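> how does the following fold in three dimensions:
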Amino acid sequence: MSVKGHEPRMRFYTIAHIADVLEVSTRTVRRWIAEELLVAHRINGLVRVSETDFRAFLNAHRGDSTAS
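Here you go, the predicted model:
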């Protein structure tokens, strides 16, 4: 539920969190980012992946062994 005049906050994940959820190494997640398979954002010098981009990655690579 959002408050009038306020947008819901966008959720961002760390590389370590994504690696943990997908049971891969952080190196693999960084490779996906470098290969532009997974969109990442730099926020105050930190690399983060938005929930929206993470879901898009999962949908695009469902059952795909290329992204593992």
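> leaving out chain neighbours, which residue sits closest to Arg11?
Nearest non-adjacent residue to Arg11, counting by Cβ to Cβ, 6 or more residues apart in numbering: Glu51, 4.2 Å away. Every residue, glycine included, has its C-beta placed from N, CA and C.
> Arg42 - that's part of a helix, no?
No. Assignment of Arg42 by DSSP: H, G, I helix; E, B strand; the rest coil gives strand, placing it outside any helix.
> and the one helix or strand in the chain whose mean pLDDT sits lowest, what other elements does it pack with?
Of all helical and strand segments in the chain, the minimum by mean pLDDT, DSSP states H and E falls on strand 41-43, at a mean of 94. Contacts defined by 3 or more Cβ pairs under 8 Å, 6 or more residues apart in numbering; DSSP states H and E place strand 41-43 against strand 46-50.
> which helix or strand contains Ala16?
helix 15-22 (DSSP states H and E).
> if we look at that helix, which residues are touching it?
If you take Cβ atoms under 8 Å, 6 or more residues apart in numbering as the criterion, helix 15-22 is touched by 25-26, 28-30, 33, 38, 40, 47, 49, 54.
> give the buried subset of those residues as a PyMOL selection command.
The PyMOL selection below is limited to those of these classed as buried (16 or more other Cβ atoms under 10 Å):
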select buried, resi 28+29+33+38+40+49+54
